[in-house]
Structures are given as C-alpha cells and as structure tokens.
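# The sequence isn't on hand, but the structure is:
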C-alpha cells in the first residue's frame, strides 16, 4: 500500500460506519462562515476578511450537509469532497486569515479552534497531514496575494501551545483507536468462531440434502404415479429445494455478517450486468416464506426493466433483508401488503405496515442499530447501504407512521455503450462455441418455438424443431445433436420422460447430448428436478436473449467432460484433515454420481467402516494428525473384518519415493498427488473398482499440464466450473489461503520450524486445490527442501516472495471468476 493510499484508507475507515458527524459539521460550517463575516462587519475596526473565501467555504460545507440529496452517480465522490472541505475550511482558511491579519490574539484563537475541530473530525494521521498541507497552501497563498509579506512573529511565537494541542489530541485519538481496534478484533474473533461452529452443521445438512436428492424418485409422471403420487413427489422436491436454498443462504449470511463486522469493502471485481426485473423476481422466488399465504402478500410490479452493474448474490441479500423486515412488521396486519416496483433505474420496496417515526428513520442505516425489533443485530440495513454504494447507487427510506414504509434502491445508469458491450461480448463467446453445432428445440407451443429459434439465430448453429416429446425422440434417434432445449410441460410425453429415455440409451447416438430444460418452475425447484433427470441446466420462462444464450453456452461447456459411469451409486469414504481440501474432491465424486462420506482423521475411517453399509472405496490423505493415512491403511489390512480388502487410494501433496513405498507397504492400491485432477481421480477409482491393475506412482491428467510460469491452473478452474462449483470453492479457498499465509508469517517470525512446516504443508495443498499453480510450485520449492533437511531455507526473501505471489494469485482468481460470471 502506498504512502498516500494509507492516509486515504485511514480516513475512509474513520467514517466506514456512516458517522453522522460530517453532516452536522456541514450544517455548522454552512451557517458559521457567513454569520461570523456579518459579525466582523459590525465591529468598529475591520480586520482583513474575504466574502468570497467565506462563501466558498459555506457552500462546500453545505454540500457536505446535504449528502442525502446527492445524485446516486455522485455518491462515490462524497468522502473525497468532505476531505477537501475540511482541508480548505479549517487549516487553510484560518491560517491564511491569520497571516493576512499579521497574527494577534484573535488569529491564534481562531487557529486553535480550527485545529480543535480538525482533531474531532479526522483520525490522528490525517489531522497532522491536513494541518501541514493547509499551512503550506495558506503560506503560498499569503505570499502570492500580499505585496509586501511580513513574518508574523507574534503569531509564530504562540505556535508551541498549538503544537502541544496537536500532539496531545493525536495521542488521545491514537489511544482511542487502539482501544476500538482491540474491541473490534475481539468481536471479529468471536464472530469467526461462531461462524465456524455454524458452518459445520450447515455443511452436514447440505450433504444430507444431497443424499435425499439421490433417494427421490425421478420427476417423470410414470415414476411419480408408481411411488407416492405426483402431488406428494412435487411436495418432496419443493421441500428439499427450499431446504437447500435455506442452507445456502445461511452460509452466505454468515459470510455477509463477518464482512459487515469487519467493515470489509464489497469486492467489485466480480460485478456483472444484471437485469433488475429478472434479479428481483429471482429474489422473491427464492425467499423462504413461512407459508403460501405469506408469499401471496408480496407482489413484483415491473413497469420498465433496466440493467445495472453489481453482484447478484449481494443484490438478492439486499432484497431478502428488506422483505424479511417488511414481513416482520406485517405479521400483525393480515391486510398489509408488500409491493416491489421496478422502474427508471430504481427498485422500490413498499409495505403498508405500521411505518416509522422520523427519529427511527434518522438512525436506520447505522451499524448495530435496530428499530422496533427484538433479537436483530442491526447489521442488515447497514450492509444493504454498503452494497448499494458499492454498486454506485444508494438506498433511502421514507415512511409515514400508520400508512407505509418505502425503501428506494437507486442504481447508477448503464450507458448505451455498456449495454451494447454487455450484449455482444457473451454473444461472441457463444457464437464461437456453437459454430458448426446442431440444436434441437422441443416445445408444444408453436409460437414459443418460433420465438426461441429467433433468439438463437444469432449463434449461427443449425436449428431443428420438434412439436412434442415423441417427435423429439424420433429426431434424436436419426440425427446427432449437440444440444437439446427441452420444454418440460408437454402433453403425452413430458420433458422429464424424454430426458430419461435419452439417458437410458434408447437413442444411442445422443445418449450424452447436452440437455437444457425450458421451464416456468421456480429456479430452486427446477435445479433439483433437472439435475435428477440427468439434464445439464435449465432456463426460466420467459427469458431474454442474452440470458438464454448464456445459459446454453454454460451448459455446453459443463457437458464437455463427463466422468464415466463407474462411480454411479458407489459409496466412497473420503478422509482428509482439511475440510476445504475435501470439498473439491467430494464435488468431483458427487458429480460422477457417487455418495460421499467425509471424515477428518484415521480413527474416524475405522469407525465408519464398522457401520452398516460399508463403502466401495477409500480416498485417504497420507498426512493426517493422530493416526496417519499409512497407519490407518495398515490397520485396515491387518484386521479380520469384511472391509479389510476395500480399495484404498492414497492422497498426498509430497510424492517422494519414501512416501510411495510407505503407501505401497501399507496396502494402498493407488496413489494420487495433490492437487487432485478430476480425470486422474476418475481413472484411479475406475481401476481399483473394476479390478484393473494400476501402477502405484503419481500420475498426471492428460492435457492438464500447466504452462511454465502460469499464475493459474486454468484447466483445474474449468473443471470446477463444469461441475458448478467454481464460485463456491473459490469463496472458501481464497480466505483460507490468506489465513494460512498469515499463520506462516507468524510462525516464521517466531522461528518456530514445526509450525512453519505445518503451515507450508497446508498452504501447499490449498494453493493447488484453488488452482494457484505458481503459488503451489513456489511453496513446494520451499517446503520439500525444508522437510528433507529439517532446516530453514537458505535463500533470502522466500517469505516475502510467497506473500507477493499470494496477492497476485488472489487477484487473478477473482478476475477469472468475474470473467466467467459475466458470460
């Protein structure tokens, strides 16, 4: 961080929680400057004064006071404006006036007053900086505007007490900031601990829901009729979908709360262009209402759609928060309603509830402030404000007690050039992907088929049509297609039945064709049903051309590499002491159709094997605390239990000969080097499950070699994207990498070699799993010699190099995720 940016970050941090003191200072300055000018004119003696300079100061302070009335596009410039106003209106103005009046008691008193207010309004660093800059500029202005400038000896002689005031005030502010920082750090530590404890059971619930999905009957009409009946099966799908959404949002709320407690700025690198109407409708669809009656009390009214640049998840959270607050206050009034209106670069959320008083409105967006609610943290609306300001907009509220409350989300307008680029860039990528491809549109609505064909004409692909499910099967039996866009609700043979027959191989030439559902069902329910039916994605009706093209493009990419069917229905026991390291491997396995049981140490492996059901294979990290992977494998092979011959595949980040021999001697069947590649994983498990011999040596995925010097392993990141886990995994991996580097810096600073090796070992695995190839290789080059020699690295600057590469990797990962989120 540069010297100047350090000062600016301190100033922003000082007002990170939207302190109202700036507005109060603005009103005070706007009134005081003209009033004191008039008082000066009433005196018998008239010292030097300037109506022009006072008018400029008064107007600048008035702009500070009227912050709530600034246009949304100018809000990002508010803090810089306040900095310039304080610099001009306090040190510069009063020192310049004192010099023009050659000092004196009044001048010294005015300067003391200016410094006093400066200490109140800024942090200690910027107090000193503004005072020095203001004094310098005032001196230059005095010399430039005075014909015969003199040195005000009396004024300068009275400066020592002023310097003492500055020093004492700065020390007081510095001590105050230290106390606040310590308190905040304690709150962050507590919040982090609570978040960790909450994430673990939520993660377990998430895996249980995935297991329930596998047990659900297929969504076809025939399967539903043979089991519980259509209504009961639909109800099960809806409950599972809502539960998954609740868990997902719960995990995201934890992350949001931690960001708000630490005043972490919203990351803008992943922003993309979003349709306000589509994002708002999605928020209402995915919000977990307590009942259908409650859901019917919320209405979305789209008067005119518009695009804005932002993050979809963050925007959904803003609306979730506003809907949740509205429903809380509407609970006592059965006739109250919530209307969400989309129009003219604004989204307005209006409820006909009890309303709020002017006093409540004044403190509505302050952190840790809750209005009329019990049990709230007071962070929700503060987070909404930070998100909207990061979008380049703002959130305001107006309310009339007993009548209504309305929140207005204002967005920065998107220019015509941005709109055009937003449409053309994803379309160009899709055109390249669909060149020479053949598509089939299946829909019983002729008008819908024509409209869809028109939207896809720009792709340049050959497009065929089928009017129902049977005709679609006929076409699929005769012609090879690259993608099928399939309506789900058709008479006689619905889309689910068509997909089932295709995946069963009744149309051998198209068994692995990419299938995208076209449905009007809510997104969270459609996602589960289409996945269960073996489809590659879905698109909601109605759908704009950019959204349709992007969905088909993503589905096509996802379908390019599919694991073989060896793992379908298999039960795999995955053992690794790092929950984050398990995530990617577990995602690969579940994508291939396997049921995954995760454990964190060797003893837990033995306990799982004793439970009914057993497992078909074990994937086990060699370096686990307590009972290592090698010791666990030996215990399994030496037991007299039925599971003694279960296939075991070793996982390790350190693939030397000694480790390979130890794994072989312990009875492990195969060996995979971290970071785990999907192709290597599938091949290794295929070999051990099908009884085919596999050499016990590290192998690499064909075509996955990372170019020398490449910062990222793009193939690995693409594999995450194909299984729909890129955003989720990176959101977990990047903070963990930062934590490990901080831990490494601490242990290295203490010269604690065992802890340093442990941190390096964890960072080696995590950087590889995150696709940070350059960081992974750098850490390996440091870690392996340290393990072999038991000594610190000989080369200087190794720790600084790791820190610098970590920063570059994080920026590259964010940019990669943002690029794919945009299209």
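Looks like it arrived, so ask away. All values derive from a computational prediction rather than experimental measurement. Numbering: from 1, shown residues only.
# Residue 543 in helix, strand or coil?
coil (DSSP: H, G, I helix; E, B strand; the rest coil).
# for it, what are its contacts?
Neighbouring residues of residue 543 by C-beta atoms under 8 Å, 6 or more residues apart in numbering: 518, 551. (Each C-beta comes from the backbone N, C-alpha and C, glycine too.)
# so what pLDDT did it get?
For residue 543, the pLDDT comes out at 80.
# Next, give phi and psi for it.
phi -140, psi 140 (degrees, to the nearest 10).
# And residue 47, how far from residue 101?
Separation of residue 47 from residue 101 (C-beta to C-beta, to the nearest Å): 5 Å.
# out of these two, which sits in the busier spot?
Shown here are residue 47 and residue 101; by other C-beta atoms under 10 Å, residue 101 has more neighbours (16 against 13).
# Residue 326 is in contact with residue 284, correct?
No - with contact defined as C-beta atoms under 8 Å, residue 284 does not count as touching residue 326 (11.8 Å).
# ok, the two, which is more surrounded?
Taking other C-beta under 10 Å, residue 284 and residue 326 do not tie; residue 326 has more neighbours (23 against 19).
# list the contacts for the more buried one?
338, 349, 351, 353, 405.
# Give me the most central residue, this protein.
Nearest to the geometric centre of the chain sits residue 731, at 6.1 Å (C-alpha atoms, centre = their mean).
# who wins for neighbours among the contacts of residue 326?
For those, neighbours tallied by other C-beta under 10 Å; top is residue 351, 27 neighbours.
# how near is that one to residue 297?
For residue 351, the distance to residue 297 - C-beta to C-beta - is 9 Å.
# Which neighbours do these two have in common?
330, 336, 337, 338.
# Just the buried ones out of these, please.
The neighbour-count test (16 or more other C-beta atoms under 10 Å) marks 330, 336, 338 as buried among these.
# between those, which is nearest residue 555?
Using C-beta to C-beta, residue 338 comes nearest to residue 555 of those, at 34.3 Å.
# May I have the phi/psi pair for the closest one?
Per degrees, to the nearest 10, the backbone of residue 338 is at phi -120, psi 130.
# In the stretch 51-200 of the chain, where is pLDDT below threshold?
The model of the stretch 51-200 of the chain has pLDDT under 70 over residues 154-155, 157-200.
# switch the cut-off to 90
The stretch 51-200 of the chain contains residues with pLDDT under 90 at 51, 67-79, 91, 94-95, 97-129, 131-132, 135, 146-200.
# Helix or strand next in line after the helix or strand harbouring residue 780, which one?
Secondary structure from DSSP states H and E places residue 780 in helix 773-789. The helix or strand immediately downstream of helix 773-789 is helix 798-821, counting by DSSP H and E.
# how far out from the middle of the chain is that next one?
15 Å (C-alpha atoms, centre = their mean, to the nearest Å).
# Pull out the buried positions in it.
798-799, 802, 805-806, 809-810, 812-814, 816-818, 820.
# can I get these in a markdown table with pLDDT?
Below are the buried residues of helix 798-821 laid out as a markdown table (pLDDT from 0 to 100):
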| residue | pLDDT |
| --- | --- |
| 798 | 90 |
| 799 | 89 |
| 802 | 91 |
| 805 | 90 |
| 806 | 89 |
| 809 | 87 |
| 810 | 83 |
| 812 | 83 |
| 813 | 82 |
| 814 | 79 |
| 816 | 76 |
| 817 | 73 |
| 818 | 68 |
| 820 | 58 |
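# from those residues, which is closest to residue 768?
Nearest member of the buried residues of helix 798-821 to residue 768, counting by C-beta to C-beta, is residue 809, at 11.3 Å.
# Please name the residues that touch that closest one.
711, 712, 737, 767, 770, 772, 774, 775 are the contacts of residue 809 under C-beta under 8 Å, 6+ apart.
# Can you tell me the SS state at the residue nearest to the centre of the chain?
helix.
# start at 2 instead
OK, 2 is where the count begins now, so the last one is residue 732.
# Would you mind measuring from it to residue 681?
Distance from residue 732 to residue 681, by C-beta to C-beta: 25 Å.
# Next: residue 116.
For residue 116, the distance to residue 681 - C-beta to C-beta - is 67 Å.
# between those two, which one's more packed in?
residue 116 (23 against 19).
# that's a helix at the more buried one, yeah?
Yes - with three-state DSSP as the criterion, residue 116 is located in a helix.
# so it touches residue 135, yeah?
No - the criterion here is C-beta under 8 Å, and residue 116 misses it with residue 135 at 9.9 Å.
# Show me the common contact partners of those two, please.
By C-beta under 8 Å, 6+ apart, residue 116 and residue 135 have these common neighbours: 91, 92.
# Give me the distance between the two termini of stretch 138-157.
16 Å (C-alpha to C-alpha, to the nearest Å).
# again, but for stretch 534-548
22 Å.
# Flag every buried residue along that stretch.
534-542, 544, 546-548.
# Please tell me how far that stretch is from the chain's geometric centre.
Offset of stretch 534-548 from its chain centre (C-alpha atoms, centre = their mean): 23 Å.
# excluding its backbone neighbours, what's nearest residue 96?
Nearest residue to residue 96, sequence neighbours excluded (C-beta to C-beta, 6 or more residues apart in numbering): residue 139, at 3.9 Å.
# from what I can see the one you found touches residue 97, true?
Yes - taking C-beta under 8 Å as the definition, residue 139 is a contact partner of residue 97 at 3.9 Å.
# the more surrounded of these two?
residue 97 (23 against 20).
# residues contacting that one?
Here residue 97 is in contact with 54, 139, 142, 143 (C-beta under 8 Å, 6+ apart).
# By neighbours, which of those residues wins?
residue 139 (20 neighbours).
# SS state for residue 48?
coil.
# how about it, what does it touch?
41, 102, 107.
# how much space between the second one and residue 108?
Noted for residue 102: a distance of 5 Å to residue 108, by C-beta to C-beta.
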